[in-house]
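**Student:** Could you look at this predicted model? Sequence included:
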Amino acid sequence: LYDNDIRGADAKELCAALGELRSLRILDLGANQLGDKGAALLADAMMMGRGGREGGGGCLLEQLSLSGNEIGDEGAALIAALAAASCRLELLDMSSNDVGDAGAERVAAALGAGGALKVLDLSSNEVRDRCAARLARVLRQSAASHVDLRWNALGQEGVAALAAAHRTCARKVWLDLRGN
């Protein structure tokens, strides 16, 4: 469903149908215009999936790409709640959106929630130093293997905090901080 000009308000029926797909494992809704409204509809549909059970019980997604969708902090927080509730979501791509520190902090919390999330792409957003300390703490304790924070607004302090966390990780983690 990549690049189909799906807009937030238009996503209601699509999201309702997606929530009922029991075998859906990979969903790429990149390059649409979902915005926060579409992200809310998607998160709700996925959390309620399979007969309306809350708590992500019906969500079997393993990979979710929402790159380039004009999603801000509000939508990122709702997608983060979906990621935290899912025991299967391994990859979350929220690159090229409008996610700032508030949304990135919620996504970081989802990364550290002990679920399956291993790959997180928040490149080309508006993440700043304020969120870097939270991301650094989560990076040390999460199961993450790949974190992409390229082309954000991280300053020297944020990059230093993330680099220090990366050096002290007990496992191998690919961390990309280029363009900050």
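**Tutor:** Perfect, I can see it now. Residues are numbered from 1 along each chain as shown.
**Student:** Tally up the residues packed near residue 21, please.
**Tutor:** Other residues near residue 21 come to 16 when the count uses other CB atoms under 10 Å. Where you see a C-beta, it was placed from the backbone N, CA and C, and this is true even at glycine.
**Student:** Equivalent analysis for residue 12, please.
**Tutor:** 14.
**Student:** Give the helix, strand or coil label for it.
**Tutor:** Recorded secondary structure, residue 12: helix (DSSP: H, G, I helix; E, B strand; the rest coil).
**Student:** Can I take it that residue 27 is in a strand?
**Tutor:** Yes. Residue state for residue 27 (three-state DSSP) corresponds to a strand.
**Student:** Please, which helix or strand holds residue 150?
**Tutor:** When secondary structure is defined by DSSP states H and E, residue 150 falls outside every helix and strand.
**Student:** List the residues that contact the closest residue to it other than its chain neighbours.
**Tutor:** The shortest distance from residue 150 to any residue that is not its chain neighbour, by CB to CB, 6 or more residues apart in numbering, is 4.1 Å, and that residue is residue 123. Residue 123 is in contact with 95, 96, 148, 149, 150, 151, 152, 176, counting by CB atoms under 8 Å, 6 or more residues apart in numbering.
**Student:** most surrounded residue in the residues you listed?
**Tutor:** Counting neighbours by other CB under 10 Å, the top entry in those is residue 149, with 27 neighbours.
**Student:** now the residue nearest to residue 128 when sequence neighbours are not counted: how far from residue 111?
**Tutor:** Setting aside the residues directly before and after it, residue 128 is nearest to residue 153 in space (CB to CB, 6+ apart), at 4.7 Å. Using CB to CB, to the nearest Å, residue 153 is found at 20 Å from residue 111.
**Student:** what ranges do the helices span in the chain?
**Tutor:** Assigned helices in the chain, in chain order: 11-20, 35-52, 73-85, 101-111, 129-141, 156-167 (criterion: DSSP state H).
**Student:** Output those as a markdown table; include the columns distance to residue 60 and mean pLDDT.
**Tutor:** What follows is those, written out as a markdown table (distance: least, CB to CB, whole Å; pLDDT from 0 to 100):
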| stretch | distance to residue 60 | mean pLDDT |
| --- | --- | --- |
| helix 11-20 | 11 | 83 |
| helix 35-52 | 8 | 81 |
| helix 73-85 | 12 | 95 |
| helix 101-111 | 17 | 94 |
| helix 129-141 | 24 | 91 |
| helix 156-167 | 31 | 95 |
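**Student:** For those, give me JSON lines that also has distance to residue 2.
**Tutor:** Formatted as JSON lines, the entries for the helices of the chain read as follows, by distance: least, CB to CB, whole Å:
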{"stretch": "helix 11-20", "distance to residue 2": "13"}
{"stretch": "helix 35-52", "distance to residue 2": "14"}
{"stretch": "helix 73-85", "distance to residue 2": "17"}
{"stretch": "helix 101-111", "distance to residue 2": "21"}
{"stretch": "helix 129-141", "distance to residue 2": "27"}
{"stretch": "helix 156-167", "distance to residue 2": "30"}
